[in-house]
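Visitor: below: sequence and its predicted model.
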Amino acid sequence: MLAGLVLGLGAGLALSPDANLIDRSLADTLGEWLALPGQIFLALIKMVLMPLVACSIVLGLAAGASDPVKLRRVGGRLAAFVALTTTAAAAMGAGLALWLKPGGLVGARTPGALTSPASDPVRGVEAAPRAAEDAFAAMAGEAPRLIADLVPDNPLASAVENEMLAVVVFAIFLGVAYVASPNKAKLDPLIKLLEALLDVSMTVVKWVMYLTPYAVFGLTAQLLARLGAQSLVALGAYVGVVLTGLAGLLALYFILVAALGRMSPLRFQKAVGEAQLLAFSTSSSAAVIPLSIETAVEKLRAPSSVASFVIPLAATVNMAGTALYQGAAVVFVAQIAGVALGPGETAFIVLTLVAASIGAPGAPGVSIAILSGLIASFGIPPQGLVFVLGVDRFLDMARTSVNVTGDLAAARILTREGATELSPEAARHA
């Protein structure tokens, strides 16, 4: 991806108005062909987005179903921790991007600079402000109806319309119903079906990731061919915003561990450093689960049954770093497209990110799928995603490290807050 970014920068600068080497119409045509792998990449990601998110949420909730009493006790505390930190993280990411305005540094020459000539005008730049205004009106004037609409009367239609939040709510209801069911043996085929569907979706995502270097190259070249070299300043500003937000979230975890977990930030950092390094190198929360459990038991003094239950569940539902990154990315892409987001729209984005991040698989590349779906649901032109794609690998490493830190912080806090031992059956199931 880094090679694709560098080569795309060179090709894009050669085709840009700043270089003025070839005719503009020819440069636009070349840009369209160069961006073709990127367009296919985005389409394939959208294709598997809904089953990926829905299956992950249901399976994440079902993970603790073998001991529902203890799940409610420990899971309730974990849910409060996840909800508070994820909401704070998403708000922090969106707030920093709104305050620092990294997307405003792109300096598009015309409002349609990011829109392909073949794009549907209804879904283009003109549609984005209209979508933002509709979201604000719904938040301000039709709040009761908005809350009622969160429960989808037709989940399949919601999936077709890219209504991410509705699909998430449906998946949460399905997972809770499974946990509450008195006869889970009859529901095992459903769980196996969802596991198979998730596995197939993740396989497609892995295939799609092979296209990423070519997508980054083509989309970067097309973007720079239209906007010129000034857009590189925005790329650096965007990375700075995300890293600043992740540093703030890390500080929040240290404060919570000191206040609620009764452990100094220095001791906690020494205890979790190895897990952070593995998370940074693999970009996968799931891959760090065994080391995180060992760290929680041996260095954070969490009971083994609590650690073996909390860590796998937290690795599925505790994605505060991802929510922060996505909050900053949505606002950044909107700023590139010239879409103004007010308090109402921003609050709606934060709410959607908190819900969508729950159950997102802890694997590289998945956050891009969720992000592209969210951007599409707001009618924001997705061409600005090239910036996000180009530096996603590095930022993915950073946010995964912060996510794993949050998982271990939760294990320490829940242990110190009096979380009781889970049954051996529940621990083995987790």
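Guide: Happy to help now that I have it. Numbering: from 1, shown residues only.
Visitor: what about stretch 193-207, average pLDDT?
Guide: Per-residue confidence for stretch 193-207 averages out to 84 on the pLDDT scale.
Visitor: oh, that last question was meant for stretch 173-182, not what I typed.
Guide: 81.
Visitor: repeat for stretch 290-304
Guide: Averaged across stretch 290-304, the pLDDT comes to 87.
Visitor: buried residues, that stretch. List them.
Guide: Of the residues in stretch 290-304, 291-293, 295-297, 299-300, 302-304 count as buried by neighbour count, 16 or more other CB atoms under 10 Å. Every C-beta, even on glycine, is put in place using the N, C-alpha and C of the backbone.
Visitor: report the distance from that stretch to the chain centre.
Guide: 26 Å (CA atoms, centre = their mean, to the nearest Å).
Visitor: follow-up on the earlier one: and which of the buried residues of stretch 290-304 is nearest to Leu414?
Guide: Of all those, Ala302 has the smallest distance to Leu414: 7.7 Å, by CB to CB.
Visitor: how about low-confidence regions in the stretch 251-400 of the chain?
Guide: The stretch 251-400 of the chain contains residues with pLDDT under 70 at 281-282, 286-287, 305, 358-367, 369, 377, 382-384, 390.
Visitor: all the helices of it, in order from the start?
Guide: When assigned using DSSP state H, counting those that start in this stretch, the helices of the stretch 251-400 of the chain occupy the ranges 265-282, 289-298, 304-317, 320-336, 343-357, 366-377, 385-390, 392-416.
Visitor: now do the longest helix along the chain, average pLDDT.
Guide: Here the longest helix in the chain is taken by residue count, with DSSP state H as the criterion, and it is helix 68-100. Confidence for helix 68-100, expressed as mean pLDDT, is 85.
Visitor: who are the packing partners of it?
Guide: Packed against helix 68-100 by the contact rule (3 or more CB pairs under 8 Å, 6 or more residues apart in numbering; DSSP states H and E) you find helix 164-180, helix 231-260, helix 304-317, helix 320-336, helix 343-357, helix 392-416.
Visitor: cutoff 10 Å now
Guide: The criterion is 3 or more CB pairs under 10 Å, 6 or more residues apart in numbering; DSSP states H and E, and the helices and strands that helix 68-100 contacts are helix 164-180, helix 231-260, helix 304-317, helix 320-336, helix 343-357, helix 392-416, helix 424-429.
Visitor: now it against helix 320-336, angle please.
Guide: Here the directions of helix 68-100 and helix 320-336 differ by 30 degrees (axes from the mean of the first three to the mean of the last three CA atoms, to 10 degrees).
Visitor: start at 540 instead
Guide: Noted, 540 is the first residue going forward, which turns the last one into helix 607-639.
Visitor: which of the helices of the stretch 790-939 of the chain sits most buried?
Guide: With neighbours taken as mean count of other CB atoms under 10 Å, these reach their highest mean count in helix 859-875, at a mean of 30.
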